[in-house]
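Q: Generate a structure from the sequence data that follows.
(6 chains)
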Number of protein chains: 6
Amino acid sequence: MAKHGYDSGRLNLPFVGICTFGKYPYIEDWDQIDADVAVMGAPFDFGTQWRSGTRMGPRAIREASTLFSFGHAGAYDFEDDVTYLDPAKVTIVDIGDADIVHTDTIQSHANIEHGVRKMLQAGALPVVLGGDHSINIPCINAFDDQEPIHVVQIDAHLDFVDERHGVRYGHGNPMRRAAEKPYVTGLSQIGIRNVSSTAKDGYEDARSMGSDIQSVRHVRKMGIEAMLKRIPEGARYYLTVDIDAFDPSIAPGTGTPSHGGFMYYEVLELIDGLAQRGEIVGMDLVEVAPDYDPTGSTSILAAQLLMNSIGRILHHRDV
Amino acid sequence: MAKHGYDSGRLNLPFVGICTFGKYPYIEDWDQIDADVAVMGAPFDFGTQWRSGTRMGPRAIREASTLFSFGHAGAYDFEDDVTYLDPAKVTIVDIGDADIVHTDTIQSHANIEHGVRKMLQAGALPVVLGGDHSINIPCINAFDDQEPIHVVQIDAHLDFVDERHGVRYGHGNPMRRAAEKPYVTGLSQIGIRNVSSTAKDGYEDARSMGSDIQSVRHVRKMGIEAMLKRIPEGARYYLTVDIDAFDPSIAPGTGTPSHGGFMYYEVLELIDGLAQRGEIVGMDLVEVAPDYDPTGSTSILAAQLLMNSIGRILHHRDV
Amino acid sequence: MAKHGYDSGRLNLPFVGICTFGKYPYIEDWDQIDADVAVMGAPFDFGTQWRSGTRMGPRAIREASTLFSFGHAGAYDFEDDVTYLDPAKVTIVDIGDADIVHTDTIQSHANIEHGVRKMLQAGALPVVLGGDHSINIPCINAFDDQEPIHVVQIDAHLDFVDERHGVRYGHGNPMRRAAEKPYVTGLSQIGIRNVSSTAKDGYEDARSMGSDIQSVRHVRKMGIEAMLKRIPEGARYYLTVDIDAFDPSIAPGTGTPSHGGFMYYEVLELIDGLAQRGEIVGMDLVEVAPDYDPTGSTSILAAQLLMNSIGRILHHRDV
Amino acid sequence: MAKHGYDSGRLNLPFVGICTFGKYPYIEDWDQIDADVAVMGAPFDFGTQWRSGTRMGPRAIREASTLFSFGHAGAYDFEDDVTYLDPAKVTIVDIGDADIVHTDTIQSHANIEHGVRKMLQAGALPVVLGGDHSINIPCINAFDDQEPIHVVQIDAHLDFVDERHGVRYGHGNPMRRAAEKPYVTGLSQIGIRNVSSTAKDGYEDARSMGSDIQSVRHVRKMGIEAMLKRIPEGARYYLTVDIDAFDPSIAPGTGTPSHGGFMYYEVLELIDGLAQRGEIVGMDLVEVAPDYDPTGSTSILAAQLLMNSIGRILHHRDV
Amino acid sequence: MAKHGYDSGRLNLPFVGICTFGKYPYIEDWDQIDADVAVMGAPFDFGTQWRSGTRMGPRAIREASTLFSFGHAGAYDFEDDVTYLDPAKVTIVDIGDADIVHTDTIQSHANIEHGVRKMLQAGALPVVLGGDHSINIPCINAFDDQEPIHVVQIDAHLDFVDERHGVRYGHGNPMRRAAEKPYVTGLSQIGIRNVSSTAKDGYEDARSMGSDIQSVRHVRKMGIEAMLKRIPEGARYYLTVDIDAFDPSIAPGTGTPSHGGFMYYEVLELIDGLAQRGEIVGMDLVEVAPDYDPTGSTSILAAQLLMNSIGRILHHRDV
Amino acid sequence: MAKHGYDSGRLNLPFVGICTFGKYPYIEDWDQIDADVAVMGAPFDFGTQWRSGTRMGPRAIREASTLFSFGHAGAYDFEDDVTYLDPAKVTIVDIGDADIVHTDTIQSHANIEHGVRKMLQAGALPVVLGGDHSINIPCINAFDDQEPIHVVQIDAHLDFVDERHGVRYGHGNPMRRAAEKPYVTGLSQIGIRNVSSTAKDGYEDARSMGSDIQSVRHVRKMGIEAMLKRIPEGARYYLTVDIDAFDPSIAPGTGTPSHGGFMYYEVLELIDGLAQRGEIVGMDLVEVAPDYDPTGSTSILAAQLLMNSIGRILHHRDV
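A: Predicted coordinates:
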């Protein structure tokens, strides 16, 4: 019954069926993950400093991703003349969400970290759907027994606050927390612009701790190729994409939008280049807040970027 | 990992996890249905005569139903002092959606009918989430090899059009199609009000074909008990609930709302009484159109009514 | 080509076609009005004291009214067993909108008054779609050469402010302006509740100028029949309905909602009774603000009430 | 310049001016509170179990409350023939918001408690705008040096969970926390219905700890007067209103709506009666989530109820 | 009365009046079309594969087009120093909608085809408002007795699926259907990007059947002039614009948005150039879904593009 | 209590606190303005010709501006390596709104003019938040006792209508009114495009009265530097920004959007350059209509632009 296809089985149009990521199989038992890529939701939003609601991000991205389950024969991109995500070659699973405990940041983060460890142990590329950007903290924590990583952040905000009023694990802190790790060899912080919770000392700290900070205008001026060359070649990259790196015109559905951001192909080409420059070993996409996305365009952007990123990461691995 | 509970396993808050109906297990293989109740989506909306969009109804109801997955120990209702849906006693599954084929009404209906037959063959109570009201036609078709049924319709509109411009399977036709079946012994049409696609001759035909037609004001005047007494006792009931039976104040998210409708407890008490008066052997809930439901209250109403109806149907069976 | 019907011509479903009121013919030349009922929009909103946007009310009501153009053979109401608005007996036209001049209240009101005079001169029942409640002022002005009228207002607010900061023609003033007219014999002000722009002295003035003021709770306590008996029998009634008389649950799309309002059948039954108690010689429905009506339920309410009111007014005339 | 009035100074229409509560003065220095009533926001939402967003509740209620700043001469209610909130007799201030610290429930709650203590120390009636219902916990804490109180809760949910996965201060816990206090003499829990995070044992615990639990249907059956008689007479009441006590038809803008709730006058009359039966010494109104309130009706309901409650509390004190 | 002007007659502001396209006259009798351009709606949406709702597209575009009825003296564009759509030179009419029959794709398409034939017979340029892209199929059919045409498609998706599960007339099929016609001499498919329902074989088929496929990035790289040169010169062009060719930032209100699309002037300049390169003999604009367009920007884009395209087509004809 | 900071006092996150502009102090007494910059709202919208609702613009911009109150130590921009708006150096106040009188354009404009005069008398840079663009008329009037000014308008529409149907003070007239002033030495009108209420003669009049008119495409072709050079150097500039100068992709929340507009940095760089080229002595930002801005992106754009413009104006003054 459940076979899908153009000729037999089910037609399985995008609006039909249960909303797992890309309509890929749901693996409830985290000891049974057996896939190239595993997708997990981290619906945590207590770390936000203005509008909340990113807890519903994973659900919205999953629903939007069904639009991209068109391709029973994989995702053919005529510009590249490549069929990405060929089901005969690639295995992707959705392992559901990390367990979130209301009022309790520490326990919620621990549960996210547990999920990422499970995906890593299974040998799957972990792809985590936020939630606010603080969920990057447990994601990075889970790499403490892996080979060193270079963090590539695509974001409007530097997120490099050390501690304020005791807060160390909010959505303004993750890049500082990452930079402190001995196994994080450096950071590329791309798309940074305008005022945010990080003050001047944060920028100085970031640079002194090994960060390269580039704005949208910087990237446009130098070009994607030049930007890629600033990133250490041949490294293992952990990629963290804050949806507010994109322009509010295409990503209004986020807590703290910042005008003057990236458009779609700028980021896709950056990720495509990154996947060729080294190995992307983990990825999160955060800060999608569906309550501010009445048209769905933000969730669709997140889903479109994730599907295409995963496709390109796997494709360039094969080469 | 996936065990849920208040003390151990996962806390599993409503906003966490994949959106199957009530977070019950998803059964992809329709030959493996083994449950007291099976829920299937029928995301079909080509039968609508004004606003479309009910194809997204099953997804919206599933998401809303997660709010009612609070009860790890079942759903305790202190007014009745009953714990409904005790997981130790009750098995419910979500079998996903019937396969819908765009532009093709006949094939889409056939696929819905196939799903209902599978649920009936498995001995599960079929609960179908629309989609527009035309999806009731294949649902009723699937009962052609079952014992006779009495159809109880809760709706604003009579839906008793025979044929117009060749259309026999739109959302204005289902009750006429049902009334034509030899195994449909009669109809109770409750909540009917205001102008609709059914003209005067439709009302006359309905009555001549065994229908009892009552408006919201009629029901309020006579009371729920009296209304129940008009329904044949001890019968096998097929229950079809059009969400527009409810007042637009609580169910704005539907294609053709009609002011002056039912409030929540009126319908719940009617269904509770029906479940005691005979056996409810099938159920559909149709016409939820999430695009017109920005607050989610319509989807929440649908989910709340379904969870409570299923709970009461199973509870009264036990007695 | 354009004939509509169930058997031949066009099916003409509600979602098809140009949005005149009820899909009735548009008469652009106001010297050619020849109908029982003429509908005109008055898209004026400079008189509002909180949220604006009622200028788009006529458009929204017209679009919603297409839902009620179902009945090629008239609007059959099975509760009354009456077919209202039989096209063989009744002629209704839409004459478009009065010309509104931005920044200029006096000229805009004059243009509305001109339109009402044209409808009256043609012998048609004038039905005016607001716009804010100040548009009632020119409507009443246009009756200065007609037989005396009794004004029946269904509204949350008394709208009886005399003058403040020079303002005499805002949406808080119309009932005061009406009460001043020698040809207005009295007012019935129904549904009034909660704080509004009218202060205590306004209530005292209203009563001294011949007004009977009743709240929603008053009406519910006495019943519709008793309320009707308080209105002078056999008079010529001008009926002005502010959509905020209704509860915000069904009429959120208005500038100044007030909780605790009427539900649909309460008002319909009041109007039905009024149409039997005397002659309704003019009607306006005001304060629909579609920007606050994302579900469309307010516009649908306005359209449903207007279609049913017009049907009943014409029906009771015939008797 | 800033004087407001109908004849001189400023007209000060509702849509004009800075959005403090009711446009009452903002007192930034909490050592300078000198008023009959002080209003404080508590924009905390990490305690929610489904949809978040109540952090924006205080802002939305303040904006909506400007609609009710119509009355330069107080709020005249013609049904009671009373002018409430006469500015010559009554002093109300807005002290802004408690300082909320993201990710940190304990510190945020402490800051709320601090604000309530300041209002109590100043001799003002504290009125707190949530935020989620967990903010009731610090509010009640602040009464630990006051005379004993009886808690009257108007809510859909019992909120009587003791502890789960370590959580004791979420929005499912406040009534349990209150019941534990030696200075809380009892609880009246009104409007409770349907399934929620509180399981059967919670109801048993509540009753054993001195709670009287009544559903909406219970209250409707017995009447408001009878309900009031169940509440201890002559006590000092702390009143906590969860907006989800109301029906989703008028209060869709909340995290966990529950169909079958109260309408406006049911609650207003209950509060009016309570203000006569004893002394209301503190009040909070919680769970307004503006992201789910596109029409503004929920915020307007909250503001209308608060303005009218405050008016009645002060009026009955004078008697 | 109805004359409009800046000095006399009516001011006729955009928010005033019945919503025909551009407020041009409505011609109900299709045997009386006498105009340079005739606009018809085709509110059909059963052909969609994800979100439906394009049936309301024609209504939304008509309402938005009233914004562009500003110019009583035509539409002056200072960049070109041209007054387009001079009412003294140009005649445009709105003929309403094709009759759509719910559940019946074949009959609905036949009714659309009938309307296009009527416009062609009258010698008017047919401009059709979708509806989903499947409505292009009957539009092209209606040209079977005309001189050969070259189809220029501006779209995100190739829409070149032959047949799946029996579907040949859905919104993924129109370009394939067009390519099969003997009187279609070739296709230019512009803006194509990302994954869609067309798989790799569809691209191959398209090319083999005479199609030139260019992505947004291709067009940007080569420039508008170079793109125009790829289109056969001096031909008769049928122009079909899918609103999802545009970027979701300006056209979120569509069923299947695809990030990375065109901005406004790119498409306007392409159409302006096309109108100079040959003769545009027919046009449709499809896939506007107002339910996903809460700001109205998509409908405004559609209306702005149509008004400007029509203006330029007529202007360049004169030259 | 009220001191804010990262180490002591209050954390004061953006979502906490009363919504004055940028959370700067509210000065109710206009004789006590003592600041570098004073911000006033002008919530007037009777001058609009299509969608109304800009009366709520000031409230929406104030709320959005709280997002940019992040910086306790000023607003650090790493691209410029400048800390703007250092609280130790800069004083900004919010003086609330001008008093608007419904139905009365002349009095409302007079009240706006009064406010601007008060700010000028206090020596503060006046920044006015609209409201529709007609509020620019009283703003310019208030400069009649100041040194001459050159008006820089950033807008989609020329707004150069002289008089129609007696209207001289609507939102299509302000630049004409400004050009008539003896103390206005010229106008730079930037971003103008597409059809609007200004006809061909308006463009001719504008040029003859000293205006330089440039479209978005003109500016992009020549570059920001070249555009700046067209503006008289060393002058006193009054800057009026209509939010519809921006592309609808980022500014959908406005009455009359026009596709093909500016993106964020284009306008910021233009204003930054202008602040270096001469002295900006007054500024208004108009036409934000929050009802068409469900995501908040338009209000955020307005707030982001204002905060950054004010910062740069003050910074370049220091140099």
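Q: can we go C-alpha only for contacts and neighbour counts from here?
A: OK.
Q: Which residue ranges of the stretch 51-200 of chain A form helices?
A: Assigned helices in the stretch 51-200 of chain A, in chain order: A:57-65, A:105-121, A:136-141, A:174-179, A:200-208 (criterion: DSSP state H, counting those that start in this stretch).
Q: can you put these in a markdown table and add mean pLDDT, mean neighbour count and distance to chain D?
A: Listed next are the helices of the stretch 51-200 of chain A as a markdown table, based on pLDDT from 0 to 100; neighbours: other C-alpha atoms under 10 Å in any protein chain shown; distance: least, C-alpha to the nearest C-alpha, whole Å:
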| stretch | mean pLDDT | mean neighbour count | distance to chain D |
| --- | --- | --- | --- |
| helix A:57-65 | 98 | 28 | 11 |
| helix A:105-121 | 98 | 21 | 6 |
| helix A:136-141 | 98 | 25 | 13 |
| helix A:174-179 | 98 | 23 | 13 |
| helix A:200-208 | 95 | 16 | 19 |
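Q: Select, out of those, the one closest to E:G17.
A: helix A:57-65 (38.4 Å; C-alpha to C-alpha).
Q: is chain E contacted by that closest one?
A: No - judged by C-alpha under 8 Å from any C-alpha of the partner chain, helix A:57-65 stays clear of chain E, getting no closer than 10.0 Å.
Q: okay, the angle between that helix and helix B:57-65?
A: Interaxial angle, helix A:57-65 versus helix B:57-65 (axes from the mean of the first three to the mean of the last three C-alpha atoms, to 10 degrees): 170 degrees.
Q: Is helix A:57-65 in proximity to chain F?
A: No - with C-alpha under 8 Å from any C-alpha as the criterion, chain F is not reached by helix A:57-65; the gap is at least 15.3 Å.
Q: Any part of that helix near chain B?
A: Yes - residues of helix A:57-65 are located near chain B by C-alpha under 8 Å from any C-alpha, namely A:R59.
Q: what does chain A have sitting close to chain F?
A: A:49-51, A:164-165, A:193-197, A:199-200, A:203, A:215, A:248-250, A:252-253, A:256-257, A:259-260, A:292-294.
Q: name the helices or strands packed onto the helix or strand encompassing A:R317?
A: Using DSSP states H and E, A:R317 sits in helix A:297-318. In terms of contacts (3 or more C-alpha pairs under 8 Å, 6 or more residues apart in numbering or on different chains; DSSP states H and E), helix A:297-318 is packed against helix A:57-65, strand A:82-84, helix A:264-277, strand A:279-286.
Q: so can I have TSV of these showing distance to D:A73?
A: Converted to TSV, the helices and strands packed on helix A:297-318 look like this (distance: least, C-alpha to C-alpha, whole Å):
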stretch	distance to D:A73
helix A:57-65	48
strand A:82-84	71
helix A:264-277	56
strand A:279-286	51
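Q: residue contacts, A:H72?
A: Counting by C-alpha atoms under 8 Å, 6 or more residues apart in numbering or on different chains, A:H72 makes contact with A:H4, A:G5, A:Y6, A:P87.
Q: Report the beta-bridge partners for it.
A: Beta-bridge pairing for A:H72 (DSSP bridges): A:G74.
Q: lowest-confidence stretch among the helices and strands packed on helix A:297-318?
A: Confidence, taken as mean pLDDT, is least for strand A:82-84 of the helices and strands packed on helix A:297-318 (a mean of 95).
Q: elements contacting that one?
A: strand A:75-77, helix A:297-318.
Q: How about residues contacting that strand?
A: Contacts with strand A:82-84, where a contact means C-alpha under 8 Å, 6+ apart, come from A:G74, A:A75, A:Y76, A:D77, A:N308, A:G311, A:R312, A:H315, E:K200.
Q: By neighbours, which of those residues wins?
A: When neighbours are counted by other C-alpha atoms under 10 Å in any protein chain shown, A:A75 leads these with 26 neighbours.
Q: Is that one in contact with A:P87, as I believe?
A: No - using C-alpha atoms under 8 Å as the test, A:A75 is too far from A:P87 to be in contact (9.4 Å).
Q: Please consider this matter closed, and thank you.
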